[in-house]
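S.K.: Provided below are the primary sequence and the corresponding predicted coordinates.
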Amino acid sequence: MPRPTSLNIVLNGVPKSVPVADGSEPLLFVLRNKLDQVGPKVGCGAEQCGVCTVLVNGAAVRSCCAEVKSIPGGADVRTLDGLAENKHGKPKRLHALQRAFIEEQAAQCAFCSNGMIMSALAWLNGRAARGERDVPSDDEVKRFLSGKGPGAVSVTLCRCGAHLRIVRAIQRAAKDMRHGGFDRGRDDDESDDCYDDDRSGPFKGGR
Amino acid sequence: MNTAVQLSRRRFLAASGHLTVGFSLTATLNGLATAASTTPDGRLAVDSWLEISGGNDTLVTIYAGKVELGTGVRTALTQIVAEELSVTFQQVAYVQGDTDRTPGSQGYTAGSKTIQNEGPSLRMAAATAFQGLLGLAAAQFGVAASQLRAKHGRIGVGEHQRGSKTYGQLVGGLTYQMTSSTAVPLKPTSEYLIVGKSVKRVDLPGRFTAKTGFLSEFKLPGMLHARVVRPAGRNAAFVGFDAASLASVQSIPGVVQVVRQGHFVAVVATDEYAAMVGARTLRVNWSAGAAMIPQSMLRTALQDPANVYASGNEINTGNVDAALAASAATVSSSYFTPFQMHASLGPSCAVADVRIGEQRATVWSATQGPFPLRGALSVLLGLPETSVRVIYVEGSGCYGHNGADDVAAEAALVSKLVGKPIRLQWTRADEHGWEPLTPAMVHNMRGGVAGMSCMAWEHAVYSPSHNARPSLAGAGNLLPMQHQGRAPADAPNLGANSATRNAPVTYTFANNRLIRNFVKSFNLVPGTRKAALPLTWSLPRSSALRGLGGFSNSFANESFMDELAKKANADPLAFRLQHTGDARAAAVLQAAADRAGWGRALSAPRGFAAGRGIGFLRYETIEAYVATVVEVLVNKKTGAVQVTRVVVAHDCGMIINPDGLRSQIEGNVIQGVSRTLKEEVSYSGDRITSTAWEDKPGELGYSVLNFDEVPDIEIVLIDRPSEPSWGAGEAAIGCLPGAIGNAICNATGARVRSLPMTPAVVKAALPA
């Protein structure tokens, strides 16, 4: 029988509490349908593609398989939606990974991008925490995204064939993050980091 | 003002005016108007619009039926318009694929055709608008048009643009209508500032910041969620609900209704998770459907005359039989490729709001063809075509006809039954299990050589359909139509099957025969191409996947070219050059070979064999030229193949966006390697069993290339600014399987004639 519960998390720095009718509901659907998150995607429901990835207390989690009841109260949950900074009502400053993905044009359809960016974020942060400050090699990035090697979660798939660009983007971001702090973008404002797309309407709220 | 450009003006009651240019996206071939589509005074029949808004600023809007599929066409087309109108990128808006706002019936965004067909049409429309603006400016400034200069969306007098006005100010509050003209002066390509540059994709920042969602994130107020409960197999029929499970589904909080039409069953709920749990809980009794042709029998069954419904010679030049008899040496080989799938990363999704009482329906879809889908939906819903609106919203990359149309139809059907807006999300198992596949194919090749020359070439293709897209006339191609007992469109006629795409080679063979054999996928009414009812599938449903028949045909052609070269004791590159009479073909072959270091020795670690192979094709035999050199390492013990390096030389005429083009080529290479080494749909009885990415106990998954299997890719772009642009979306992929097979043969001496080239397959082919 479904056990009602509530999800109490800090989502991208903001405390949130949502009643959930069934504690077995995957975190992914609560984030998407009750907390209006656009980044995490529905992909496979089996931890085999990575598009649903979010960070829970700093660790990359495939949210399609993370039941709400398994999420510790007060957990720090980060999504792609909250990765860029929004300071003093100014336009968002992009995270190093976002800038790198733009710079390398590291996507075609971009359905995989959430998984790539959020998985890489946790991985690069983990490397830094272990004192590994070198830029990872091609092979290290490829192995990580193939679900192998230190810090790997599971396979992260891309179907369009943007793989080599994604590898380069992660390396570029690693270089940037080495100089500018690991969980935030550079502090200097760059006008070409600012993007606006007025088509966000139907994707946010509207329920 | 050019006399061909007619500026007609009328008062407009609204506050702001506009200048519109009508043009045709469908009826041009490389920008040249065809006779049928041109009015007597040389203007094109109109089905699309380009609009310059009146007001303070400069705003150009393209209303286009062609859609962004994640390949960057929106960016490339915007480049073309911005260039011709001398405006900035930000001053161009792109409204795509809305059957109420983008006029005309513009077919599909497919077949690598957007840049080559739509590009020139848009360029002409933008040039026409520009002439109109020059005319307005000349009148308003009181100077000759030749004295005017345009930059960044402003027109003024002289080099310093004295007294310049924005395009919006020039248009003001009046309305002007123009028709695109083939005679309009175009900006010389030598003055291009935007076209030919690697402009970054306009849509990617929104993706990387989660600012713009896909169709799967699209929400309507008051919408309900639906999940489908699929039949047990392709031929299974609905028998009844398990009463106990139905009761427990209906007791799930949030579940609104269980709907059924024929063999289509769905659970509808206010909450997505409730719909998921409901669909998982519901037990339906299905009849055991007739088994399809067993997967292990495909190779022979495809050649069985009982399964072939149409055949004939597509090419028959010279005298192949006599030439074979006269050849010093002959070779015959048979090639096989399996069923493969699009395997989109995001399972298909759609939102539909059907209001039968009001006689209208709106469907948000990631379809490649909003207009044809509208026709099919009108049949499904029993509404006039004009009462149905299809609005394109981008989905996960599709690479062809994936589940996007079917899910739109299912959402529309559920919305009709429930009377509420519906969001229907397919699961991974839905997508892997039910999307239209690319079919298995067989190629029987015969050839003869004498000296360095190919004396005779024969290619017999056996293939089910590569084209089962839905449309007004083919509404039965929609899955939920079939699940309601309706027949799919007739098995396609000779021209429409697309099985022989790129089967004709562009080599100069004097004696050349191409034989097509079209294989039925469902039981036919005897003596016709009509489906016999009740519908019984003998093979999995198949339709268009990147390259269509060309992927498999090129595998056979390019592998067999190497087989003949070997028989002739010729170098594979020299053998191809010898049979190429086309300088651009020779140029890509030579460019790829030079970059790859053709002929230079390769080294392999202990236990491995290294090899190099080449592949060439001209897309659809008349468009882009592609040559590919592949390097592989073969594990001599396990048969595992690692593609280590791929070099592509690519000539698609004038390049609009070099980085966008490279991105497409990389995608072709990686998907091509994946399909060559790994991909095969598995089925048993009448059920697809490879319904996940990864293997599970007793069932193989359908897996695609992982990051650690991706080769290094080097691309040589040959830009020809004075030549028309050809598409690049699916040109290169066909080179991969042949080139990889040739590289494996070069490494080991073993010729692999079937896909996928898994370790087991390659090991079995290795010399003992």
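M.R.: Cool, got the structure.
S.K.: which ones are touching the residue in chain A that chain B sits nearest to?
M.R.: Relative to chain B, the nearest point of chain A is residue A:109 (2.8 Å; Cβ to the nearest Cβ). Where C-beta positions appear, they are placed from N, C-alpha and C, glycine not excepted. Residue A:109 is in contact with A:159-160, B:69-70, B:345, B:394-397, counting by Cβ atoms under 8 Å, 6 or more residues apart in numbering or on different chains.
S.K.: kindly report the same for residue B:707.
M.R.: Residue B:707 sits next to A:141-143, A:145-146, A:156, A:158, A:163, A:166-167 when contact means Cβ under 8 Å, 6+ apart.
S.K.: select only the buried ones of the residues you listed in PyMOL?
M.R.: Buried subset of the contacts of residue B:707, written as a PyMOL selection, criterion 16 or more other Cβ atoms under 10 Å in any protein chain shown:
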select buried, chain A and resi 141+142+143+145+146+156+158+163+166+167
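S.K.: and the contacts of residue B:707 near chain B, which?
M.R.: With Cβ under 8 Å from any Cβ of the partner chain as the criterion, these include A:141-143, A:145-146, A:156, A:158, A:163, A:166-167 near chain B.
S.K.: show me which of those is closest to residue B:574.
M.R.: The closest of the ones next to chain B among the contacts of residue B:707 to residue B:574 turns out to be residue A:163 (Cβ to Cβ; 33.4 Å).
S.K.: quick check: which element contains the residue positioned nearest the centre of chain A?
M.R.: Geometric centre of chain A, nearest residue: residue A:118, 2.6 Å, by Cα atoms, centre = their mean. Assigned by DSSP states H and E, residue A:118 belongs to helix A:113-129.
S.K.: any idea of the mean pLDDT in that helix?
M.R.: Averaging pLDDT along helix A:113-129 yields 96.
S.K.: please apply the same query to stretch A:173-190.
M.R.: On average, stretch A:173-190 scores 60.
S.K.: regarding residue B:168, what is its secondary structure?
M.R.: With DSSP: H, G, I helix; E, B strand; the rest coil as the basis, residue B:168 sits in helix.
S.K.: how about it, nearest residue that isn't a chain neighbour?
M.R.: Closest residue in space to residue B:168, ignoring its immediate chain neighbours: residue B:55 at 4.0 Å, by Cβ to Cβ, 6 or more residues apart in numbering or on different chains.
S.K.: right, and that neighbour touches residue B:165 too?
M.R.: No: applying Cβ atoms under 8 Å, one finds residue B:55 not in contact with residue B:165, separated by 11.5 Å.
S.K.: which of the two has more neighbours?
M.R.: Neighbours per residue, other Cβ atoms under 10 Å in any protein chain shown: of residue B:55 and residue B:165, the larger number sits with residue B:165, 21 against 18.
S.K.: that one: which element?
M.R.: Assigned by DSSP H and E, residue B:165 belongs to strand B:162-166.
S.K.: give me the buried positions along that strand.
M.R.: For strand B:162-166, a neighbour-count test (16+ other Cβ under 10 Å) marks B:164-166 as buried.
S.K.: how about low-confidence regions in the stretch 401-550 of chain B?
M.R.: Of all residues in the stretch 401-550 of chain B, those with pLDDT under 70 make up the ranges B:495-496.
S.K.: just the strands in it please.
M.R.: Per DSSP state E, counting those that start in this stretch, the stretch 401-550 of chain B carries strands over the ranges B:422-425, B:441-450, B:453-463, B:512-519.
S.K.: next, give phi and psi for residue B:680.
M.R.: Main-chain torsions, residue B:680, degrees, to the nearest 10: phi -160, psi 130.
S.K.: nearest residue to it other than its sequence neighbours?
M.R.: Spatially, and ignoring its direct neighbours in sequence, residue B:680 is nearest to residue B:338 (4.3 Å; Cβ to Cβ, 6+ apart).
S.K.: compute the number of surrounding residues for the one you found.
M.R.: 21.
S.K.: kindly report the same for residue A:59.
M.R.: Neighbours around residue A:59, by other Cβ under 10 Å: 12.
S.K.: ok, it touching residue A:122?
M.R.: Yes: counting by Cβ under 8 Å, residue A:59 touches residue A:122, with 5.9 Å between them.
S.K.: ok, and the closest non-adjacent residue to residue B:154?
M.R.: Nearest-residue entry for residue B:154: residue B:164, 4.2 Å, with adjacent residues in sequence omitted and distances by Cβ to Cβ, 6+ apart.
S.K.: show me what residue of chain B gets nearest to chain A.
M.R.: Closest point on chain B to chain A, by Cβ to the nearest Cβ, is residue B:70, at 2.8 Å.
S.K.: tell me who's in contact with that residue.
M.R.: A:107-111, A:160, B:394, B:396-398.
S.K.: now it, what's its secondary structure?
M.R.: At residue B:70 the chain is in coil, as set by three-state DSSP.
S.K.: now do it against residue B:366, distance only.
M.R.: 10 Å (Cβ to Cβ, to the nearest Å).
S.K.: which residues are in contact with both of these two?
M.R.: By the contact definition Cβ under 8 Å, 6+ apart, residue B:70 and residue B:366 are jointly contacted by B:394, B:396, B:398.
S.K.: top of these by number of neighbours, please.
M.R.: Highest neighbour count within the shared contacts of residue B:70 and residue B:366: residue B:396, with 31 neighbours (other Cβ under 10 Å).
S.K.: which phi and psi does it have?
M.R.: With angles defined as degrees, to the nearest 10, residue B:396 sits at phi -60, psi 150.
S.K.: so it touches residue B:403, yeah?
M.R.: No: at 10.0 Å, residue B:396 and residue B:403 do not qualify as touching, with contact defined as Cβ under 8 Å.
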